[in-house]
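**Q** A predicted structure for the sequence below; I have some questions about it.
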Amino acid sequence: MRLHVRGRGLPDGEPIEWWVVDGRLSAEPVAGAETIFGADGDGGWILPGLVDAHCHVGLGPEGEIPEDEAVAQAETERAVGALLLRDAGSPTDTRSFDDRPELPRIIRAGRHLARPKRYQRGFAAELDDEWQLPDAVAQQARWGDGWVKLVGDWIDRDTGDLAPLWSDDVLAAAIDAAHANGARVTAHVFSEDALPGLIKAGIDCIEHGTGLTADTIDLMVEYGTALVPTLINIENFPDIAAAAHRYPRYQKHMLSLYETCSARIGAAREAGVKIYAGSDAGSAVAHGRIVDEVEALKGIGMTPTAALGAACWDARDWLRRPGLAHGASADLVCFAEDPRTGPGVLGDPSLVMLRGVVY
C-alpha cells in the first residue's frame with residue numbers, strides 16, 4: 001500500500017509531506033498514494049516516532065517477567081507514539097522482539113551491573129568482586145545494542161545511606177572496555193558522591209542525577225556527559241524514604257534530593273548539559289508516560305519545543321537513529337493540533353505509524 005501524509009514539522013514548523021512505500025519514507029511523490037493525514041491542508045503536525053530514552057521493557061517489580069507481559073509493555077508504548085525505546089536495563093531477554101514488526105524498536109543495555117545486595121533484588125547481574133566489572137561490561141556491550149547500564153550508587157546498609165558501588169580505577173577500566181566494544185555507558189545515580197568518579201572515567205550519560213552539584217555539572221559540560229533525569233520517577237522519592245524507616249540518614253538524604261531536584265536539574269540545563277526524556281517505566285512507573293516526562297521537563301526551564309525535542313528529534317540524533325528522512329523507516333506520529341501545547345494534545349495522537357503500518 002502507498003500512503004501519503006501532509007502537515008507541519010518540528011522544530012521549525014515548516015510544511016512537510018511524506019510518501020510511504022514498502023514501509024519506508026519517500027521525499028519524492030508516489031503515484032496513486034492514499035492521503036491518510038492532512039488531506040484538507042497542512043494544518044496538522046508530523047513528527048518522528050517519540051522516544052523514551054529510559055524505560056525497561058521486560059522489567060517488573062520482582063525483576064524478570066513473562067514474554068507476554070513484556071509485549072504488553074511495548075504495545076502500551078506504541079499506543080502513545082513512543083516508537084523508539086532505550087531499555088536502560090532489563091533481566092528479560094527481549095531480542096526476539098526485533099523480529100516482530102508491530103513492536104517499537106528497542107535499544108538494549110542488557111542487564112544492570114551491580115554489587116551483591118546493592119540494588120533491587122532480581123534486577124541486576126551481581127558481581128562479587130568489583131574488578132569483574134570490566135569483563136562484565138565488555139560482555140554486556142557485545143550482547144546489547146550499543147549501551148551498558150551500571151548501578152552507580154545505592155543504599156549501603158553498613159553506613160545507612162547512599163554510597164558508590166565502584167572505585168574510580170575500576171570505573172575507568174570498565175568504561176574503556178565498553179568503548180572498545182563499541183558501546184556507550186550510562187549509570188543509575190541518585191546521590192552526590194558517585195558522580196565525580198563516573199564522569200571523570202568518561203561515562204556517556206547519567207540517569208536521574210538528583211545529586212548534581214555545581215562542580216559535577218561543570219564536569220558534565222567538560223566531558224560532554226548527557227543527562228536523563230526521569231523526573232516523573234523522582235516523584236516516588238518521598239514514598240521510598242517513608243519505607244526506609246530503619247535508615248534515618250538515607251531517609252533524610254532522599255527527601256533532600258527530592259526537594260532540590262528541580263533546582264539541580266534546572267542548573268544543569270542552564271549550564272548546557274544535554275538533557276533527554278526518559279520515564280523510567282517498568283517497575284515503579286507505568287509504561288506509556290513519556291508525555292508526562294515531556295511536561296515535567298518544562299518545569300525545569302526547558303521550552304515546549306526543547307522539551308518535545310528531548311523526546312523526539314534530538315533524542316533520535318543522540319541515539320544515532322533516523323528521524324524523518326528519505327529512505328528511513330516510516331515511524332511517525334501525527335497530531336491535529338500543535339503537540340507543544342500540552343499533554344492533552346501530545347498524549348492523543350491522531351495517527352501512529354510504525355514501519356509503514358498505521359495503528
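**A** Good, I have the coordinates.

**Q** Can you check what pLDDT the model gives the residue most central in space within the chain?
**A** Computing the C-alpha centroid of the chain and ranking residues by Cα atoms, centre = their mean puts residue 53 first, at 1.5 Å. Listed pLDDT for residue 53 reads 98.

**Q** what's the distance between it and residue 246?
**A** Counting by Cβ to Cβ, to the nearest Å, the gap from residue 53 to residue 246 is 34 Å. C-beta: built from backbone N, CA, C; applies to glycine.

**Q** circling back to that earlier point, which of the three states applies to the residue nearest to the centre of the chain?
**A** Of the three states, residue 53 takes strand according to DSSP: H, G, I helix; E, B strand; the rest coil.

**Q** Settle this for me: it is touching residue 321, isn't it.
**A** No: checked against Cβ atoms under 8 Å, the pair residue 53 and residue 321 is beyond contact range at 10.9 Å.

**Q** Overlap of the contact sets of these two?
**A** Jointly contacting residue 53 and residue 321 under the rule Cβ atoms under 8 Å, 6 or more residues apart in numbering is no residue at all.

**Q** so which strand or helix has the residue nearest to residue 299 when sequence neighbours are not counted?
**A** Excluding the flanking residues, the one nearest residue 299 by Cβ to Cβ, 6 or more residues apart in numbering is residue 262, at 6.3 Å. Here residue 262, judged by DSSP states H and E, is contained in helix 248-271.

**Q** could you give the angle of the helix or strand following that helix to helix 248-271?
**A** Next in sequence after helix 248-271, counting helices and strands by DSSP H and E, comes helix 290-298. Helix 290-298 runs at 80 degrees relative to helix 248-271, counting by axes from the mean of the first three to the mean of the last three Cα atoms, to 10 degrees.

**Q** Please enumerate residues in contact with helix 290-298?
**A** Contacts with helix 290-298, where a contact means Cβ under 8 Å, 6+ apart, come from 50-52, 55, 77, 80, 82, 229-232, 275, 277-279, 304, 306-308, 310-311, 342-343, 346-347.

**Q** Narrow those to those in helices?
**A** The helices, defined by DSSP state H, take in 77, 231-232, 304, 306-308, 343, 346 from the contacts of helix 290-298.

**Q** Which among those residues count as buried?
**A** The neighbour count (16 or more other Cβ atoms under 10 Å) marks 77, 231-232, 304, 306-308, 346 as buried among those.

**Q** In JSON lines, list those residues along with distance to residue 167 and pLDDT.
**A** Output for those, formatted as JSON lines (distance: Cβ to Cβ, whole Å; pLDDT from 0 to 100):
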{"residue": "77", "distance to residue 167": "37", "pLDDT": "98"}
{"residue": "231", "distance to residue 167": "30", "pLDDT": "98"}
{"residue": "232", "distance to residue 167": "32", "pLDDT": "98"}
{"residue": "304", "distance to residue 167": "42", "pLDDT": "98"}
{"residue": "306", "distance to residue 167": "37", "pLDDT": "98"}
{"residue": "307", "distance to residue 167": "37", "pLDDT": "98"}
{"residue": "308", "distance to residue 167": "40", "pLDDT": "98"}
{"residue": "346", "distance to residue 167": "43", "pLDDT": "98"}
